[in-house]
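> Fold the following for me, if possible:
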Amino acid sequence: MAGRASVPGLPGPRPSRLQCIAIALLFLIVIIGLIILIFWLVVRPVPIDYTIEHAAIQKFNISSENKLDAAFNFTLRALNANHKVAVYYDDLTISVWYDNQMIALTETSPFFQPHRNTTRLDIEAVANSTQLQDQAAKDLKHDKSTGNIGLEVRVRARIRFKVGVVKSKHYKLRVYCTPVNVGFSPNSATSFDRVYCDVEI
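Below you'll find the predicted structure:
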């Protein structure tokens, strides 16, 4: 039997519910993409830049039980070059690492960084009878004898972005600064080379 022929002038078959849902989803994706593109073109966000500008060690001592006492002083610079994005730092933790062992830790108070702003934080991370691994203690004693020590400074923070009156959700900020070469001589701070850090959000 021959199939039924379509009659001129009559509407064709209506799209199925699945087709309608697919069209609606496609339309929604396009709209969201346009919103993101417009936001980027207006805001043009750039990464926050972190560097260590100064570093020094005070009160350094390793006991016979391989326990470390020391004060590590750093000046951490955060550059927010964005023209329209400000940053809330709701908490900020700075740790000092040597030979894959954390040897000192400190926290700073929450703060707000406006757009097009450079913030400098003077950090003191204290090691108070920190138990060192045997190899770390051996290497630290050797570095002390040479007059220079290579450290890694890590920053962890919970941050929010602000554009106009809109605030984002919380994001985790991770900053890695290495190698931070610090001299034991009092004159070494004047010849310290700026360290550029890797940033992950």
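
> burial count for L28?
The number of residues packed near L28 is 10, by other C-beta atoms under 10 Å. From N, CA and C alone the C-beta is placed, and that goes for glycine too.

> can you count the residues close to P179?
The burial metric for P179, expressed as a neighbour count using other C-beta under 10 Å, is 11.

> same question but for E53, I mixed them up
Applying other C-beta under 10 Å, we find 14 residues neighbouring E53.

> again with G147
When neighbours are counted by other C-beta under 10 Å, G147 registers 10.

> which residues in this structure form strands?
For the chain, the strands identified by DSSP state E occupy 49-62, 67-80, 85-98, 101-108, 111-113, 117-131, 148-163, 166-167, 171-183, 195-196, 198-200, in order along the chain.

> Tell me the helices and strands packed up against the third one.
In other words, strand 85-98. Here strand 85-98 is seen to pack against strand 67-80, strand 101-108, strand 111-113, strand 117-131, helix 134-146, strand 148-163 when contacts are counted using 3 or more C-beta pairs under 8 Å, 6 or more residues apart in numbering; DSSP states H and E.

> buried stuff in it?
If you call a residue buried by 16 or more other C-beta atoms under 10 Å, then strand 85-98 has these buried ones: V85, A86, V87, Y88, Y89, L92, I94, S95, V96, W97, Y98.

> cool, and the fifth one?
Residues of strand 111-113 classed as buried by neighbour count (16+ other C-beta under 10 Å): Q113.

> List the contacts of E200.
L173, R174, V175, Y176 (C-beta atoms under 8 Å, 6 or more residues apart in numbering).

> if we can go back for a sec, Serialize the helices and strands packed on strand 85-98 to CSV and add fields for mean pLDDT and distance to S191.
Formatted as CSV, the entries for those read as follows, by pLDDT from 0 to 100; distance: least, C-beta to C-beta, whole Å:
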stretch, mean pLDDT, distance to S191
strand 67-80, 96, 15
strand 101-108, 95, 23
strand 111-113, 95, 29
strand 117-131, 95, 19
helix 134-146, 93, 16
strand 148-163, 94, 11
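
> okay if I get those as TSV plus distance to L26?
Putting the helices and strands packed on strand 85-98 into TSV (distance: least, C-beta to C-beta, whole Å) gives the following:
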stretch	distance to L26
strand 67-80	37
strand 101-108	47
strand 111-113	39
strand 117-131	41
helix 134-146	57
strand 148-163	28
